[in-house]
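>>> Model the following, please.
(2 chains)
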Amino acid sequence: MSVVILRIAAVLYAGATAAYIVHFARPRHTRLATAGAALLGAAFLVHAIAIGVGCSEFGGAEFFSLRGGLVLMVWLAAGAYLLLLRFYHLPTLGAFITPFIVVVLVPALFGSPGHPELPPDAVRHPTLTIHILSAGLGVALFGIAFGVAIMYLLQEREVKGKKFGALFSRLPSLDALDRMVQRLVRAGFVVYTVALVAGTITATSVWKSAWSWDPQQIVSMVVWILYGALVQLRHSGWHGRRYALLTLAGFVLVLGSMVSLKVVPGVTRHTGDYGTNAPAGGPQ
Amino acid sequence: MSAREIFLVGLSHKSAPIEVRERVALSGEALKGALGELKRMDGVREALVVSTCNRVEVFVQANGVEPARLFFTSRVAEAADHLYVKSGVEAIRHLFRVSASLDSMVVGEQQILGQVKEAYGVASAAQAAGSYFSRLCNRAFATAKRVRTETDIGRGATSMSQVAVELVEKIFGNLKGRAILLAGAGKMGALSAKALAVLGADRILVTNRSPERGLALAEQVNGNFRAWEELQHLLAEADVVIVSTGAPSYVVTREMIEKAMKARRHRSLCLIDLAVPRNVDPACADLSDVYAYDVDDMEKAVEATHEARRGEALRAEAIVETEVLAFAKERETRAALPILAQLRRRAEEIARAEAQRTLAQVGSKLDEKGRRSVEAMAQAIVNKLLHGPTARLKQAASSGDGSLAGAAAELFGIEGEAPRPQSRDEAPAAASRAAASERT
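Reported below is the predicted structural model:
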């Protein structure tokens, strides 16, 4: 059932993507941007229903798989983007965010989540929900920062290369994009920090040790340090191209580690039996 | 009484040299006086004069073209060789094209619409423009707005200083809290610095080899003068640097910029070199966070705009054409509308009543399809019967002949007054038309 609702959401996401892309090609039609935002809002709500129905169907178990994690993340990214729209006038950003949402969501539409195994009750710690949600939101914000960084690099190429073409006139100013990347990185870092703290509390309780050299923990720490460095580097004058490139690298690392750690079986205790049979363990 | 028509007599940058244009151009009180004179001439009902530095055009609704021609020839004899004359739909099209900036020297430029609006305001205040020009001009303005929103004709920069503004805007967004440095006293530099004021720069710094000219320039652009020796230091301070000196070689070198970038902790720097030969080492552009442009780059951007606008102009012409034809057609219909509407209403009432009567008698024997056929037949008779009179009344009305409409009203027993105006401005327009036909 939840998959069917998710498919409806995906159609709405695709509609929003189409509206945003056509708006990007024909910026005079400002109504398209409005339509894109409206469709995205509708998609977000339908997606929320799908998640709710999914929770009652599988007891939240689906969010312990890669598929479920991505579904959740995409939903948070859409929500974060909608929130961003309330504060900044960035109609062209939609054309860079919504396609990612659709691409990430499409694999989740085929094949039902089946009957994902519920993680053992032992890992069901109160901080676990906070850990999962904040990790998802943090990654979603890094994802949006990734989209804006791409916009920055494209616009920088136009401005520096003296092209003054279609992209030049459509994309916002370098300064606006640069500051947006910085804000998103900073917000993402804060949320991601919350995720790590919640994760550590969960790990201490479930695995009886805060740090156990689990690959997921190591990668998360690397990501945290990288984005922390980005926040810090800002104060020493880092900005623009180098900053955008680092933002790209950070997100590639996040996404790559997320996928590979879930795909390779047993590499981390964030999958399978969550280390509850082993001396230590913990959820993602 | 011959038919009243709209005429245009004018000259523009396309037909007349500046020497002639500046002699016939009018503004202020002189313009009001000329409008009054035009209005008083025999057979002129309404008049509009558009006078800018690129064109002087006289639109009249009159019996003939002579009054408008006299406007020019009575004051400047040699204007006669440069005049163009248009009438009817041609004149309407011209006004629409001018308002939409399709006839401008720089196609798509923004000012002309304001200038035509102002011209209409003056003519209206002087009571030279009445209901006809009111409708004509409003339609022309609406068309211009349509062109502006539906095409990209106004997009892009058409001058070097506009290119500079566009570039700086794409780098910094705006210049709040930032500084512009104007190095050298070249004319283009000052123009660009002034144009950049729209982005709200906090400070304008001016430096020049000779302090006298530098100080004068600083006053002109509302900036602070700094000594030329401080240039290296100023490069670290300013965010946009406009260089236009007469120096034969680079005054801003790569080494200077490298040093400045370190001092400014790699905050973005925009270098605009307006000098020929160039004053900024092109190698500066290779440094990261440095955006450097020279005259060639700026000119290419201007040319790209012109090219894009040429394409958009074709689409704009199509919009203008639709609007011109719609206006001309509307004008024809409106002229004959009050009497036609009544005539049609009366006929349709009769047709409906007769159809009802027939249906009351034989309707029970007919099925739904049959009943509809009866109604359709009655309607068809009305349409066929009124087709000829409608066409002839429209034709007569558009050529200013009100007598036929009067005859029709009399013949069909219709009161002269329009019972239900179609739109808000219909009634006064009809009234003024009635008044006009009384005078003729």
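
>>> Residues contacting stretch B:230-241, please?
The contact list for stretch B:230-241 (CB atoms under 8 Å, 6 or more residues apart in numbering or on different chains) reads B:168, B:172, B:175, B:178-181, B:183, B:196, B:201, B:205, B:207, B:226, B:251-252, B:256-257, B:259-260, B:263-264, B:267-272. Where you see a C-beta, it was placed from the backbone N, CA and C, and this is true even at glycine.

>>> likewise stretch A:190-197?
Under CB under 8 Å, 6+ apart, the answer for stretch A:190-197 is A:130-131, A:134-135, A:137-139, A:141-142, A:220-221, A:223-224, A:227.

>>> Give me the buried entries from those.
A:130-131, A:134-135, A:137-139, A:141-142, A:220, A:223-224, A:227 (16 or more other CB atoms under 10 Å in any protein chain shown).

>>> would a markdown table of those with distance to residue B:366, secondary structure and pLDDT be doable?
A markdown table is the format used below for the buried ones among the contacts of stretch A:190-197 (distance: CB to CB, whole Å; DSSP: H, G, I helix; E, B strand; the rest coil; pLDDT from 0 to 100):
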| residue | distance to residue B:366 | secondary structure | pLDDT |
| --- | --- | --- | --- |
| A:130 | 78 | helix | 86 |
| A:131 | 79 | helix | 86 |
| A:134 | 76 | helix | 90 |
| A:135 | 77 | helix | 87 |
| A:137 | 72 | helix | 91 |
| A:138 | 76 | helix | 92 |
| A:139 | 74 | helix | 89 |
| A:141 | 73 | helix | 92 |
| A:142 | 76 | helix | 92 |
| A:220 | 84 | helix | 86 |
| A:223 | 83 | helix | 89 |
| A:224 | 85 | helix | 91 |
| A:227 | 82 | helix | 91 |
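
>>> Pick out whichever of those sits closest to chain B.
Within the buried ones among the contacts of stretch A:190-197, distances to chain B taken as CB to the nearest CB reach their minimum at residue A:227, with 20.6 Å.

>>> Identify all contacting residues around stretch A:96-107.
Outside stretch A:96-107, the residues within contact range by CB under 8 Å, 6+ apart are A:6, A:9-10, A:13-14, A:16-17, A:20-21, A:36, A:40, A:67, A:70-71, A:73-74, A:77-78, A:81, A:143-144, A:147-148, A:150-151.

>>> Average pLDDT for that stretch, rounded please.
The average pLDDT within stretch A:96-107 is 88.

>>> likewise stretch A:258-271?
Mean predicted confidence for stretch A:258-271 is 68.

>>> Ok, stretch B:16-35 next?
pLDDT averaged over stretch B:16-35 gives 89.

>>> Next, report how far it is displaced from the centre of its chain.
Averaging C-alpha positions (CA atoms, centre = their mean, to the nearest Å) puts stretch B:16-35 20 Å from its chain's average.

>>> Now do the end-to-end distance for that stretch.
The straight-line separation of the ends of stretch B:16-35 (CA to CA, to the nearest Å) is 22 Å.

>>> hmm, back to that, so of the contacts of stretch A:96-107, which ones are in helices?
Taking DSSP state H, the ones among the contacts of stretch A:96-107 that sit in helices are A:6, A:9-10, A:13-14, A:16-17, A:20-21, A:36, A:40, A:67, A:70-71, A:73-74, A:77-78, A:81, A:143-144, A:147-148, A:150-151.

>>> how many neighbours does residue A:162 have?
Neighbours of residue A:162 under the rule other CB atoms under 10 Å in any protein chain shown: 18.

>>> go on, residue A:209?
14.

>>> same check, this time on residue B:384
9.

>>> Show residues contacting the helix or strand bottoming out on mean pLDDT in chain A.
Using mean pLDDT, DSSP states H and E, the weakest-scoring helix or strand in chain A turns out to be helix A:166-170, at a mean of 82. Residues from elsewhere that reach helix A:166-170, judged by CB under 8 Å, 6+ apart: A:24, A:27, A:92, A:154-155, A:158-159, B:155-156, B:170.

>>> quick one: which of those is nearest to residue A:85?
residue A:92 (11.8 Å; CB to CB).

>>> residues touching that closest one, list them.
Applying CB under 8 Å, 6+ apart, the residues near residue A:92 are A:23-24, A:27, A:151, A:170-172.

>>> Roughly how far does it sit from residue B:383?
Distance from residue A:92 to residue B:383, counting by CB to CB, to the nearest Å: 53 Å.

>>> Residue B:26 now?
Distance from residue B:26 to residue B:383, by CB to CB: 52 Å.

>>> The two - which one has more neighbours?
Shown here are residue B:26 and residue B:383; by other CB under 10 Å, residue B:26 has more neighbours (17 against 14).

>>> Pretty sure the more buried one sits in a helix.
No. Residue B:26 is assigned coil when assessed by DSSP: H, G, I helix; E, B strand; the rest coil, not a helix.

>>> Any idea how many residues pack against the residue lying closest to it once chain neighbours are set aside?
Setting aside the residues directly before and after it, residue B:26 is nearest to residue B:51 in space (CB to CB, 6 or more residues apart in numbering or on different chains), at 4.9 Å. When neighbours are defined as other CB under 10 Å, residue B:51 has 22 of them.

>>> Give the bridge partners for residue B:51, please.
residue B:56 (DSSP bridges).

>>> surely it meets residue B:28?
No. Taking contacts as CB atoms under 8 Å, residue B:51 lies outside contact range of residue B:28: 10.2 Å.

>>> could you list every residue that touches the residue in the stretch 301-440 of chain B that chain A sits nearest to?
Nearest residue of the stretch 301-440 of chain B to chain A: residue B:301, at 4.9 Å (CB to the nearest CB). Residues in contact with residue B:301 (CB under 8 Å, 6+ apart) are A:162, A:164, B:156-157, B:163, B:166-167.

>>> Repeat that for residue B:37.
Residues in contact with residue B:37 (CB under 8 Å, 6+ apart) are residue B:71.

>>> quick one: buried residues of whichever strand or helix holds it?
Assigned by DSSP states H and E, residue B:37 belongs to helix B:28-40. Within helix B:28-40, the residues that qualify as buried are B:31-32, B:34-35, B:37-39, counting by 16+ other CB under 10 Å.

>>> quick one on the thing from earlier: would you convert the contacts of residue B:301 into CSV that also reports secondary structure and distance to residue B:20?
Formatted as CSV, the entries for the contacts of residue B:301 read as follows, by DSSP: H, G, I helix; E, B strand; the rest coil; distance: CB to CB, whole Å:
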residue, secondary structure, distance to residue B:20
A:162, coil, 41
A:164, coil, 38
B:156, coil, 31
B:157, coil, 31
B:163, helix, 32
B:166, helix, 35
B:167, helix, 38
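
>>> Go through those residues and name the one nearest residue B:216.
residue B:163 (25.8 Å).

>>> right, and residue B:85 touches residue B:69 too?
Yes. With contact defined as CB under 8 Å, residue B:85 reaches residue B:69; the gap is 7.3 Å.

>>> More neighbours: which of the two?
For residue B:85 versus residue B:69, neighbours defined as other CB under 10 Å are more numerous around residue B:69 (18 against 13).

>>> Nearest residue to the more buried one in space, please, no chain neighbours.
residue B:9 (5.1 Å).

>>> Kindly format the C-alpha coordinates of whichever strand or helix holds the one you found as PDB.
Assigned by DSSP H and E, residue B:9 falls within strand B:5-12. Extracted in PDB, the C-alpha atoms of strand B:5-12 (Å, rounded to 0.1, in the frame of the first residue of the first chain):
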ATOM      1  CA  GLU B   5      -9.100  59.300 -40.500                       C
ATOM      2  CA  ILE B   6      -6.000  59.000 -38.400                       C
ATOM      3  CA  PHE B   7      -2.800  60.400 -40.000                       C
ATOM      4  CA  LEU B   8       0.800  60.400 -39.000                       C
ATOM      5  CA  VAL B   9       3.400  62.800 -40.300                       C
ATOM      6  CA  GLY B  10       6.800  62.500 -38.800                       C
ATOM      7  CA  LEU B  11      10.600  62.200 -39.000                       C
ATOM      8  CA  SER B  12      12.900  60.000 -37.000                       C
END
